[in-house]
Structure formats: structure tokens, C-alpha cells
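Chemist: how does the following fold in three dimensions:
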Amino acid sequence: MIARLKGKVVGCGDGYVILESGGVGFQVFMPRPVAEEAEKSPAEVVIHTHLVAREDTMALYGFLAPGELEMFRLLITVNRVGPALAMAILSQMTVSDLAAAVIGGDEKALTRVSGVGRKNAGRIIFELQDRMKKKAAVLTGEMDAGTDPLRSDAESALLALGFSPRESRDAVSGALAGMTRPTVQDVIKASLRILRER
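Modeler: Numbers count the residues shown, from 1 in each chain. Next comes the predicted model:
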């Protein structure tokens, strides 16, 4: 299993980069915005990868942040969502917007992605929403019954993106401090800004 590559981007195409590492050029499929960001980097980049091996082909899918890779891996566990559709979703939605849509049950946000119809959107929410929340509950200890649903949904999204329980809790508290009547998506975006500044 190839879990991580470090090297220089020496070429790119539509939805992929060629990363030279140790004298070998690896073709790594990436969401378009991520590929563009990797291509612009003047220095070596670290790409977190997932290898998909099938009878007739092997393909490497890569991301610059572990949270992006985690979301890709969650998406491809959904029935009828393969790597190509997962990459299309992650090319058209940020990871934070996707997490907010899944946890908030926002089908409309998902159907704005080309290639995702109502059935697929419903399936993604149905199969991932509880898993994201359960993952958060396991990481934080069972959530209190009286916990604010907005806070717990935002924390669940951050935990699903790979942040620690403490980081998630602190970032959400910081985000909520300066907000009046926010949505889950607002809180997640503000929390991610706080986490990036640390």
C-alpha cells in the first residue's frame, strides 16, 4: 500500500498530477482544485494517497490534507459511489461544505454537484451521516443528551475530517463565540479558519 508520497510535481493533466519521487514519476489523481494547488507549489509536496487496485488497473488518488483523504475514503464506502464520482464531488465541493451537507442532511447542496442525483445524494447522507456522528461520539466519549445539536454536528464534522476531539471542541467554541444564529456550515467554516491559523 502506498500511503504517502513526497516529491516535486513535474506535470499535470485534467484531474491528475505527475509527482516525481525517488526518480519515479507517479500519476496521482486529485480533485481539480487540489491538483492546481499542488502544481503551483515551488517546493516538494507531500501527497496522502489511497491505492485502488482492480483486475485491469491500479490507480493512486491523492490529497494534500489527511482530512481530504479521510472524506474520500468515506465516500467510496457508499453504495454506487466509486473513486471517479468521489473525486468529482471533491472537485466541486470543499471538504467542509461536504461534511456540513452530510451531517446537516442537505440534499440540495449535494445535488448541485454534476453527476450526483437525488438518489445518490440521499444515499450519501443516509450511509454517512450516522457514521460521522458515531465516530465523533466514540472519539469524545458519548455525547451528553443535553448537548447543543448545532455544536455537536459541527464537532462531528471536524472529527470526521481528522481533527482531535480537543481541537474540534476548542475551534467550535471559538467560532460560536462570535456568531449570532449561525448554521452548521457557518460554524464548520469558521472553525476550520481557526484551526488553520494555529
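
Chemist: would you map the helices across this protein?
Modeler: Defined through DSSP state H, the helices belonging to the chain, from first to last, are 32-40, 66-75, 83-92, 95-104, 107-111, 118-140, 149-160, 165-177, 184-197.

Chemist: for the fifth one, list the C-alpha coordinates in CSV.
Modeler: What follows is the C-alpha trace of helix 107-111 in CSV, where atoms were taken according to Å, rounded to 0.1, in the frame of the first residue of the first chain:
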residue,chain,number,x,y,z
GLU,A,107,-29.6,17.0,-0.2
LYS,A,108,-29.8,20.2,-2.3
ALA,A,109,-26.1,21.0,-1.7
LEU,A,110,-25.1,17.6,-2.9
THR,A,111,-27.3,17.6,-6.0
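
Chemist: residues in contact with that helix?
Modeler: The contact list for helix 107-111, computed with C-beta atoms under 8 Å, 6 or more residues apart in numbering, reads 89, 93, 97-98, 100-102, 116-118, 120-122, 124-125. (Each C-beta comes from the backbone N, C-alpha and C, glycine too.)

Chemist: can you pull the domain assignment for the protein?
Modeler: 4-64, 71-197 (automatic domain parsing).

Chemist: what residues does A157 make contact with?
Modeler: Listed by C-beta under 8 Å, 6+ apart, the contact partners of A157 are S96, A99, A100, V102, I103, M132, V184, I188.
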